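Colleague: quick one, structure for this:
(4 chains)
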Number of protein chains: 2
Amino acid sequence: MTALPIAAVERDTGIPKDTLRVWERRYAFPLPLRDDKGERLYPIEQVEKLRLLRRLLDQGHRPGSIVSAPAEALAALLEPTGHMGGESSNAAIDPLIDLVRMHRNAELRAALQQHAVKLGLQRFVAELVAPLSQAIGEAWLRGDIGVAEEHLFTEQVQNLLRSSINSLGPSARSPRILMTTVPGEEHILGLLMVEATLAPEGVQCISLGAQTPVADIAQAARDGQFDIVAVSFSAAFPARQAFLALEQLRNALPVGISLWAGGAALNGKRKRIDNVRQIDRLDALLDALAEWRQTN
Amino acid sequence: MTALPIAAVERDTGIPKDTLRVWERRYAFPLPLRDDKGERLYPIEQVEKLRLLRRLLDQGHRPGSIVSAPAEALAALLEPTGHMGGESSNAAIDPLIDLVRMHRNAELRAALQQHAVKLGLQRFVAELVAPLSQAIGEAWLRGDIGVAEEHLFTEQVQNLLRSSINSLGPSARSPRILMTTVPGEEHILGLLMVEATLAPEGVQCISLGAQTPVADIAQAARDGQFDIVAVSFSAAFPARQAFLALEQLRNALPVGISLWAGGAALNGKRKRIDNVRQIDRLDALLDALAEWRQTN
DNA sequence: TTCATATCTTTGTCCTGGACAAATTAGAAT
DNA sequence: ATTCTAATTTGTCCAGGACAAAGATATGAA
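Modeller: Alright, predicted model coming up:
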């Protein structure tokens, strides 16, 4: 298990095969071994450096300047971003991150539960879950926490949110909202935050989970007589693809059904698509809802 | 939106780019349009036929005999599998499938809830959820239900199971089990069924959700001082890759930590891997647990 | 200075056509 | 029937070229 074929590297690092090959050609890294058929075999250390590179690219670095740099130099690049612009307006967050980092699972669960009860579902999501998951994402970029810790956190929050939403019982008021993500976007925390924000307002939220093909979203929206389709894009999702998917979805959807889009991938962008409501923050959701209810 | 580039088709159909191109070369299908740069643009009808092909391949058909066949002939191939060998030993299942198919969301939720209360969590999973999700999978293969309906069902069951498990409260008894899936396997219903079966026995189940890289699974298992790592493989996951991943994971894991594997991908297979406990059925889980507790 | 516009560079993705081993099927022999 | 062998099918990989979109840099106007 000291070397992986190219397909495994693509899966583990998220870097497409084509890109791996072209990097090798251009930057002389990675330089995999070859098996007896002449196929690439990436030693585990190179795969680890590739994971590091992916993080640095997400941070804004450019391939030309980092891919061929030695691994030690790269590690140094991660730190400086450190605690950039102490944006943590909420003192409750840092201790929670520590719990995640130290695998204190039971305590994390208890702490989250406590906050949820204290704040109520909507404020819990807006004031705690949203900034916390952003902070976790940044910590992951920085390399402060690992994949497993991030997964653990996501699962805990998911359990809590799903239980809370479930305990609200079914809603009957309009609008009916169909929520999902497009293929390639597997993160659903954003959707759950949306649902947790809207469900207490009596909205009928129905989630399809992650990665529904565009055609099927449109079909389901028609069949289920939904008023609104809402999709979310995490920070990891390439903005360009997000706009492409939104355009496709808008065209596939009848004019009578609204399309709402949100998530970190879209936030800073000015680009707009006709008849797509882009929602920058969680609290803008409630505005959008009020607007819809006034109009319809 | 009448034609998609090759990357979008790969994402929507799950058929790799390389395969799409080689099919075109060999079977003269798909035959996409070309944009002004000479790049492939797949008309929506061809993409739909590709989705159909994917289902037929999963059913056991071979590309050479179906890829170049006309779309109408393919539709016919789906039916014969029809209601093969009325295996539904449980009369409660068919009505539930109808609810899924007809988008009767609220009723589905209520019906599931009712069954769960009536049977108790463990029997609910073993006698209802397991055969139901198998039936849903078969109906999807057959084309009786769409992607959206399947997602809807999965979400509902997930909500219910997560809430139920959550309401059990934390366990303190041994063993400690770390559960997850490997990269490429995104289905987690299997994991939830395992958790729902074991949690009432006082086992400490911790889930990392889907797609944790092998190295991170091993790391997390060590860091968290787990006794057992459990991974699941859905029917859609290629058996060959499953065994490969299991071998890698077994090697990455200390000998003191047991590795349990289960799921439809492994069921019929005779192949075994040393020191990996393959679990064929849900009730075999409880045997494995009893065995572990006796030994440790 | 700051902002907008034009030009150059970088970078990811797509292309063709060839190759090969693993998986499957067909055929032969026990 | 079952096991073994040969032929065929099929997915994935490779090289190396191409190009447009995104990013960086330079130039000019307010």
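Colleague: how close does residue A:97 sit to residue A:256?
Modeller: Residue A:97 sits 44 Å away from residue A:256, going by CB to CB, to the nearest Å. All C-beta spots, glycine's among them, are computed from the backbone N, C-alpha and C.
Colleague: what about those two, which has more around it?
Modeller: residue A:97 (20 against 10; other CB atoms under 10 Å in any protein chain shown).
Colleague: for the helix or strand harbouring the more buried one, which helices and strands make contact with it?
Modeller: For residue A:97, the host element (DSSP states H and E) is helix A:93-101. Applying 3 or more CB pairs under 8 Å, 6 or more residues apart in numbering or on different chains; DSSP states H and E, we find helix A:93-101 packed against helix A:105-119, helix A:130-142, helix A:147-167.
Colleague: all the helices of the stretch 151-296 of chain A, residue numbers only.
Modeller: Counting by DSSP state H, counting those that start in this stretch, the stretch 151-296 of chain A has helices at residues A:189-198, A:214-223, A:239-252, A:283-295.
Colleague: so what does the second one touch, helix or strand wise?
Modeller: With contacts defined as 3+ CB pairs under 8 Å, 6+ apart, helix A:214-223 has these neighbours: strand A:173-180, strand A:228-232, helix A:239-252, helix B:44-59, helix B:147-167.
Colleague: please read off the pLDDT at the residue of the stretch 51-200 of chain A at minimum distance from DNA strand D from the model.
Modeller: DNA strand D sits closest to residue A:62 of the stretch 51-200 of chain A, with a gap of 5.4 Å, by CB to the nearest atom of the strand. Here the pLDDT value assigned to residue A:62 is 93.
Colleague: can you check residue A:85 too?
Modeller: For residue A:85, the predicted pLDDT is 41.
Colleague: related to what we said a few turns ago, for DNA strand C, find the nearest of the helices and strands packed on helix A:214-223.
Modeller: Per CB to the nearest atom of the strand, nearest to DNA strand C of the helices and strands packed on helix A:214-223: helix A:239-252, 8.1 Å.
Colleague: quick one: residues in contact with that closest one.
Modeller: Residues from elsewhere that reach helix A:239-252, judged by CB atoms under 8 Å, 6 or more residues apart in numbering or on different chains: A:182, A:184, A:214-215, A:217-218, A:229, A:231, A:233, A:259, A:261, A:263, A:265-266, A:269, A:271, A:273-276, B:1, B:4, B:8.
Colleague: for residue A:38, give me phi and psi.
Modeller: For residue A:38, the backbone dihedrals (degrees, to the nearest 10) come out as phi 90, psi 10.
Colleague: near it, how many other residues are there?
Modeller: 6.
Colleague: same question, residue A:168
Modeller: Neighbourhood size, residue A:168 [other CB under 10 Å]: 13.
Colleague: DNA strand C versus the nearest residue to it once chain neighbours are set aside, what's the distance?
Modeller: Nearest in space to residue A:168, with sequence neighbours left out and distances taken as CB to CB, 6 or more residues apart in numbering or on different chains, is residue A:199 at 5.5 Å. Distance, residue A:199 to DNA strand C, by CB to the nearest atom of the strand, to the nearest Å: 36 Å.
Colleague: go on, residue A:16?
Modeller: From residue A:16 to DNA strand C the distance is 4 Å (CB to the nearest atom of the strand).
Colleague: mind listing what that residue touches?
Modeller: Residue A:16 sits next to residue A:10 when contact means CB under 8 Å, 6+ apart.
Colleague: and it, what are its phi and psi?
Modeller: Backbone torsions of residue A:16, given as degrees, to the nearest 10, read phi -60, psi 150.
Colleague: per-residue pLDDT of it, please?
Modeller: Note on residue A:16: pLDDT of 95.
Colleague: quick check: residue A:233 vs residue A:249, distance?
Modeller: Distance from residue A:233 to residue A:249, by CB to CB: 12 Å.
Colleague: what about these two, which has more around it?
Modeller: The residue with more neighbours, out of residue A:233 and residue A:249, is residue A:233; 26 against 23, by other CB under 10 Å.
Colleague: ok, whichever residue of the stretch 151-296 of chain A sits closest to DNA strand C - how many residues close by?
Modeller: Residue nearest to DNA strand C within the stretch 151-296 of chain A: residue A:238 (7.0 Å; CB to the nearest atom of the strand). Other residues lying near residue A:238 total 12 when counted by other CB under 10 Å.
Colleague: now do it against residue B:154, distance only.
Modeller: Distance of residue A:238 to residue B:154, computed by CB to CB: 26 Å.
Colleague: same check, this time on residue A:255
Modeller: As for residue A:255, its distance to residue B:154 is 30 Å (criterion: CB to CB).
Colleague: can you check residue A:13 too?
Modeller: As judged by CB to CB, residue A:13 and residue B:154 stand 28 Å apart.
Colleague: who has more neighbours, those two?
Modeller: More neighbours surround residue A:13 than the other of residue A:13 and residue B:154, with 23 against 19 (other CB under 10 Å).
Colleague: gap between stretch A:19-26 and the chain center?
Modeller: In terms of CA atoms, centre = their mean, to the nearest Å, the gap separating the centre of stretch A:19-26 from the centre of its chain is 27 Å.
Colleague: ugh, typo on my part, it should be stretch A:248-261
Modeller: On CA atoms, centre = their mean, the centre of stretch A:248-261 falls 22 Å from the chain's centre.
Colleague: so for that stretch, what gets flagged as buried?
Modeller: Buried residues in stretch A:248-261, counting neighbours by 16 or more other CB atoms under 10 Å in any protein chain shown, are found at A:248, A:249, A:250, A:252, A:253, A:257, A:258, A:259, A:260, A:261.
Colleague: same deal with stretch A:67-76?
Modeller: Across stretch A:67-76, burial judged by 16+ other CB under 10 Å covers A:67, A:69, A:74.
Colleague: return the member of the residues you listed nearest to chain B.
Modeller: Of all the buried residues of stretch A:67-76, residue A:74 has the smallest distance to chain B: 18.2 Å, by CB to the nearest CB.
Colleague: and the residue nearest to the closest one when sequence neighbours are not counted, how far from chain B?
Modeller: Spatial nearest neighbour of residue A:74, excluding adjacent residues (CB to CB, 6+ apart): residue A:52 at 5.4 Å. Separation of residue A:52 from chain B (CB to the nearest CB, to the nearest Å): 13 Å.
Colleague: I figured residue A:52 hits residue A:72, correct?
Modeller: No. With contacts counted by CB atoms under 8 Å, residue A:52 stays clear of residue A:72, the gap being 10.7 Å.
Colleague: count the neighbours of the residue in chain A that DNA strand C sits nearest to for me.
Modeller: In chain A, the residue that lies nearest DNA strand C is residue A:64 (2.3 Å; CB to the nearest atom of the strand). If you count neighbours by other CB under 10 Å, residue A:64 ends up with 9.
Colleague: tell me the SS of it?
Modeller: helix (DSSP: H, G, I helix; E, B strand; the rest coil).
Colleague: up against chain B, what does the stretch 151-296 of chain A have?
Modeller: With the criterion set to CB under 8 Å from any CB of the partner chain, the stretch 151-296 of chain A comes near chain B through A:151-152, A:154-155, A:158-160, A:162-163, A:165-167, A:170, A:180, A:183-184, A:186, A:206-217, A:219-220, A:223-224, A:244, A:247-248, A:251-252.
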